[in-house]
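Enquirer: Provided below for reference: sequence and predicted model.
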Amino acid sequence: MTGNFSRLGGIVEPLLRWYDVCARPLPWRESPTPYGVLVSEIMLQQTRVEAVRERYVLFLRELPDLQALAAVPEERLLKLWEGLGYYSRARNLKRCAERIVSEHGGTVPRDPAVLRTLPGIGDYCAGSIASIAYGVKAPAVDGNVLRVISRLAASDGDISLPAVKKELTGRVRELLPERRCGDFNQALMDLGATVCLPNGAPLCEECPLRALCEGYARGTAADLPVRTKKPPRRKEAVGVLLLRRKDCLALRRRPAKGLLAGLWELPTFSGSAEAFLAQNGVACTPPVPAGKATHIFTHVEWRMTAYAAESADAGLPQGWVWAAPEDMEAVYALPSAFSAFLPHRK
């Protein structure tokens, strides 16, 4: 990996000055606590900031501390997580709380090495929690930061490679100031999220580090970072059943393993709706098309077609339930994949 890293040491002060003026106003930054930082960092993994804002506030309102999180039933936890996706993070967060309460006296650890032993916490999350919550000199290097550092140094390293990520993380570690480590890490993240944008569109004229940026000087910033292209997502045709009885909607629990593991869903199927209903012994009116939608997961794209039917029979296959409107709002957590077919959830 080559690049000009010699000017990186000069970015600390201008970056922090910029952050003091331009930091994004986020609820987890208002009065940060170790618990709040832990929750926000897990929520923000692979999820847009805008999707997390409101959910974070509601989550902490009901589960204000580690003890409450450790004790919450999983069904309620998943409902509080609804709309954030990647529900395994919620389960890992609860396991984190249980471990911290039982093994660490109810105090979020400050040592990144200890944090990495907790469920669902990797290098980035450990560094972020330790630096923001406690001021520990630990790097927090996510995709935004890798992009910023690659452009600043005009690095030709492929950030998809572990060795390159390790090298760039080391560079960030060398930059960490004695004070305000958490602010420095967050400033790098904010710069990548709001100015040094992905997909060839950096706003260089607005960047506080433009004079120090090798990528800008060479005119190559928009071409960086180097990254191996991911294979195309697998596309799947998925049928979705909207089975109603009076004002209730049929839901089904998904399998305990695999995509959307253990969550409630509008029953999904492959093949024809008629065959699916017959296979499950569901008595109802003939299914009719009720709309189409696409939902993108990390490795698969669902191309969904919904079919609506009415049932006069209270019976349902094992593992299915009738959910009244109030239950949909308060009890059952449905993945956002189904939002297109539930108008009040859009």
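Expert: Looks like it arrived, so ask away. Residues are numbered from 1 along each chain as shown.

Enquirer: the strands in the chain, which residues?
Expert: All strands of the chain, identified by DSSP state E, fall at 234-245, 248-253, 264-265, 268-269, 288-296, 300-310, 320-323.

Enquirer: could I get those strands as JSON lines with mean neighbour count?
Expert: Quick note: C-beta positions are derived from backbone N, CA and C, even for glycine. Formatted as JSON lines, those follow (neighbours: other Cβ atoms under 10 Å):
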{"stretch": "strand 234-245", "mean neighbour count": "18"}
{"stretch": "strand 248-253", "mean neighbour count": "20"}
{"stretch": "strand 264-265", "mean neighbour count": "20"}
{"stretch": "strand 268-269", "mean neighbour count": "18"}
{"stretch": "strand 288-296", "mean neighbour count": "13"}
{"stretch": "strand 300-310", "mean neighbour count": "17"}
{"stretch": "strand 320-323", "mean neighbour count": "18"}
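
Enquirer: Now mean pLDDT too, for those strands, in TSV please.
Expert: Output for the strands of the chain, formatted as TSV (pLDDT from 0 to 100):
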stretch	mean pLDDT
strand 234-245	97
strand 248-253	96
strand 264-265	96
strand 268-269	98
strand 288-296	96
strand 300-310	97
strand 320-323	96
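
Enquirer: now these in JSON lines, with distance to Leu188?
Expert: Converted to JSON lines, the strands of the chain look like this (distance: least, Cβ to Cβ, whole Å):
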{"stretch": "strand 234-245", "distance to Leu188": "34"}
{"stretch": "strand 248-253", "distance to Leu188": "41"}
{"stretch": "strand 264-265", "distance to Leu188": "38"}
{"stretch": "strand 268-269", "distance to Leu188": "40"}
{"stretch": "strand 288-296", "distance to Leu188": "27"}
{"stretch": "strand 300-310", "distance to Leu188": "31"}
{"stretch": "strand 320-323", "distance to Leu188": "44"}
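
Enquirer: out of these, nearest to Leu84?
Expert: With Cβ to Cβ as the criterion, Leu84 lies closest to strand 288-296 of the strands of the chain, at 14.3 Å.

Enquirer: That closest one pairs with which strands, parallel or anti?
Expert: Paired neighbours of strand 288-296 in the sheet (DSSP bridges): strand 300-310 (antiparallel).

Enquirer: got the angle between the partner strand and strand 234-245?
Expert: Per axes from the mean of the first three to the mean of the last three Cα atoms, to 10 degrees, the angle that strand 300-310 makes with strand 234-245 is 20 degrees.

Enquirer: Next, the closest residue to Asp223 other than its chain neighbours: phi, psi?
Expert: Counting by Cβ to Cβ, 6 or more residues apart in numbering, Gly200 is the residue found nearest to Asp223 once chain neighbours are left out, at 7.0 Å. Dihedral pair for Gly200: phi 70, psi 20, per degrees, to the nearest 10.

Enquirer: From Ala222, how far out is Gly200?
Expert: To Ala222, Gly200 is 4 Å away according to Cβ to Cβ, to the nearest Å.

Enquirer: pLDDT weak spots in the protein?
Expert: Residue ranges of the chain with pLDDT under 70: 343-346.

Enquirer: which parts of the longest helix along it are buried?
Expert: The single longest helix within the chain, with elements called by DSSP state H, is helix 88-103. Within helix 88-103, the residues that count as buried by 16 or more other Cβ atoms under 10 Å are Arg89, Ala90, Arg91, Asn92, Leu93, Lys94, Cys96, Ala97, Glu98, Arg99, Ile100, Val101.

Enquirer: Same question for stretch 220-231.
Expert: By 16+ other Cβ under 10 Å, the buried positions in stretch 220-231 come out as Ala221, Leu224, Pro225, Arg227.

Enquirer: Kindly report the same for stretch 64-82.
Expert: Buried positions in stretch 64-82, judged by neighbour count with 16+ other Cβ under 10 Å: Leu66, Leu69, Ala70, Val72, Leu77, Leu78, Lys79, Leu80, Trp81, Glu82.

Enquirer: Quick check: the gap between the spatially closest residue to Gly83 that is not a sequence neighbour and Leu342.
Expert: With Cβ to Cβ, 6+ apart as the criterion, Gly83 has its nearest non-adjacent residue at 5.3 Å, and that residue is Ser336. Ser336 is 10 Å from Leu342, where distance means Cβ to Cβ.

Enquirer: picking up where we left off before, can you give me the distance of the residue nearest to Gly83 to Trp81?
Expert: 11 Å.

Enquirer: what's the answer for Lys230, then?
Expert: Going from Lys230 to Trp81 by Cβ to Cβ gives 26 Å.

Enquirer: Please parse the chain into its domains.
Expert: With domains defined by automatic domain parsing, the chain comprises 8-223, 234-345.

Enquirer: can you tell which of those domains is closest to Thr2?
Expert: Of all these, domain 8-223 comes closest under Cβ to Cβ, at 5.4 Å.

Enquirer: just how off-centre is that closest one within its chain?
Expert: On the basis of Cα atoms, centre = their mean, to the nearest Å, domain 8-223 sits 11 Å off its chain's mean C-alpha point.

Enquirer: distance between the ends of it?
Expert: End-to-end distance for domain 8-223: 19 Å, by Cα to Cα, to the nearest Å.

Enquirer: what's the answer for stretch 111-127, then?
Expert: Counting by Cα to Cα, you get 9 Å between the two ends of stretch 111-127.

Enquirer: That'll do, ta.
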